[in-house]
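Undergrad: sharing a sequence plus its predicted fold:
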Amino acid sequence: MSSKILGNVWDACAAHDVKGAKLMIMARLADYLNDDGVSYPSVETICRQLGLGESTVRTAISELESIGWLLRESRRKGNRNTSNLYHLNADRLEALARIERDKVAAIKQQRRVDTFHPSDSEPSDSEPSESGPSNGFHPSESGKNGVFTRQNLTPDPQVNSKHDPSVNSKHESQDTGASADASAPARSAKQDYSPDFETAWQAYPKRAGGNSKSGAWKAWKARLKDGVKPDDMLAGVKRYAAYARATGSVGTQFVKQAATFFGPDRHFEELWQAPSAPGGGHNSTIARLSGLGRMSDDFGESGENLNF
């Protein structure tokens with residue numbers, strides 16, 4: 001099949017009064033062309049494919065041959081006729097098709113010209129108004145020769161600005177204060193003790209070897225969660241302080257850690273009674289033992305060998 005010749009058939013034949021059955025036969029013959037430009041379908045094949053009668057096909061082929069669209073060559077094999085050879089007039093088809101395509105192109109160009117109206121896009125010849133556009137741009141007002149510069153676009157702060165410099169300083173001070181306030185909790189978090197705890201801490205007896213205030217505060221808060229009242233713990237501190245003074249253990253390592261005192265064992269609930277008056281109690285026993293030791297020295301005997 002030669003697609004070029006087939007295209008020429010469609011472009012040229014109909015425009016030159018080759019229509020109906022003759023046009024379909026021309027297109028069918030072009031569809032059967034081989035590389036040598038020869039087509040040889042049988043009449044029966046053309047009739048079957050186009051749905052035409054045999055007499056119609058033979059008459060149409062004869063007319064096409066008579067007006068110069070094709071050349072028919074008969075073939076015989078012995079006493080039998082075989083399919084004819086058909087040579088389409090390729091030169092004529094190409095020339096007429098080119099003419100038709102040029103006509104179509106000219107029509108399209110004319111349509112484009114007809115739809116284009118230069119008067120619609122040309123500027124008006126009328127004189128511009130003397131007053132000029134009310135909102136027009138005047139280069140002379142924005143700078144020399146209409147050139148935008150930083151000086152033209154940036155307003156003069158001394159002339160056009162209504163900004164109060166004190167506003168910036170006020171905002172800056174507020175920002176500084178805000179940042180200071182933001183850092184204040186971090187500093188005060190280490191000393192965020194309740195007044196009741198501070199009172200108890202001041203009353204607690206001093207201890208040698210260190211006494212963790214933060215540990216005591218942690219234990220204090222744990223007891224508060226357990227439902228213990230601050231007054232009860234403070235009262236226990238006061239009893240223990242009096243006991244430490246009475247026993248002379250203030251400032252020594254024998255004073256309990258405050259964290260232990262407020263710990264789960266709740267030493268603040270103990271009575272912590274001060275030693276009894278002279279003549280009795282723990283101190284009097286120590287005094288008696290000391291006296292006996294001195295007596296044993298006088299007699300040259302060890303106090304450890306004395307029996308009571």
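TA: Right, received. Where do you want to start?

Undergrad: tell me how far Leu85 lies from Tyr32.
TA: 11 Å (Cβ to Cβ, to the nearest Å). Using the backbone N, CA and C atoms, a C-beta is placed for each residue, glycine as well.

Undergrad: now swap in Trp220 and tell me
TA: To Tyr32, Trp220 is 111 Å away according to Cβ to Cβ.

Undergrad: neighbour count winner among these two?
TA: A count of neighbours by other Cβ atoms under 10 Å puts Trp220 above the other of Trp220 and Tyr32, at 25 against 15.

Undergrad: neighbours of Val38, how many?
TA: The tally of other residues near Val38 (other Cβ under 10 Å) stands at 14.

Undergrad: now do the contacts for the closest residue to it other than its chain neighbours.
TA: In space, and not counting its chain neighbours, Val38 is closest to Leu85: 5.6 Å by Cβ to Cβ, 6 or more residues apart in numbering. Listed by Cβ atoms under 8 Å, 6 or more residues apart in numbering, the contact set of Leu85 reads Val38, Ser39, Tyr40, Arg72, Glu73, Arg75.

Undergrad: so which of those comes closest to Pro264?
TA: Closest approach between these and Pro264, by Cβ to Cβ: Ser39, at 113.7 Å.

Undergrad: how many neighbouring residues does that closest one have?
TA: Residues within reach of Ser39, counting by other Cβ under 10 Å, total 22.

Undergrad: angles on the backbone of it, please.
TA: Per-residue torsions, Ser39: phi -120, psi 140 (degrees, to the nearest 10).

Undergrad: give me the element Tyr86 is part of.
TA: Using DSSP states H and E, Tyr86 falls within strand 80-88.

Undergrad: for the record, mean pLDDT for that strand?
TA: The average pLDDT within strand 80-88 is 83.

Undergrad: send the alpha carbons of that strand over as PDB?
TA: Taking Å, rounded to 0.1, in the frame of the first residue of the first chain, the C-alpha atoms of strand 80-88 are listed here in PDB:
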ATOM      1  CA  ARG A  80      -8.600 -18.300 -18.400                       C
ATOM      2  CA  ASN A  81      -8.700 -14.600 -17.600                       C
ATOM      3  CA  THR A  82      -6.900 -13.700 -14.300                       C
ATOM      4  CA  SER A  83      -7.100 -10.500 -12.400                       C
ATOM      5  CA  ASN A  84      -6.200  -7.300 -14.300                       C
ATOM      6  CA  LEU A  85      -3.300  -5.100 -13.500                       C
ATOM      7  CA  TYR A  86      -4.100  -1.500 -12.600                       C
ATOM      8  CA  HIS A  87      -1.600   1.400 -12.900                       C
ATOM      9  CA  LEU A  88      -2.900   4.500 -11.200                       C
END
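
Undergrad: right, and the helix or strand after that strand?
TA: The first helix or strand that comes after strand 80-88 along the chain, using DSSP H and E, is helix 90-115.

Undergrad: per-residue confidence averaged over stretch 17-24?
TA: If you average the pLDDT over stretch 17-24, you get 93.

Undergrad: buried ones in that stretch, by neighbour count?
TA: Within stretch 17-24, the residues that count as buried by 16 or more other Cβ atoms under 10 Å are Val18, Ala21, Lys22, Leu23, Met24.

Undergrad: repeat for stretch 202-219
TA: So stretch 202-219, judged by 16+ other Cβ under 10 Å, has buried residues Tyr204, Pro205, Arg207, Asn211, Lys213, Ala216, Trp217, Ala219.
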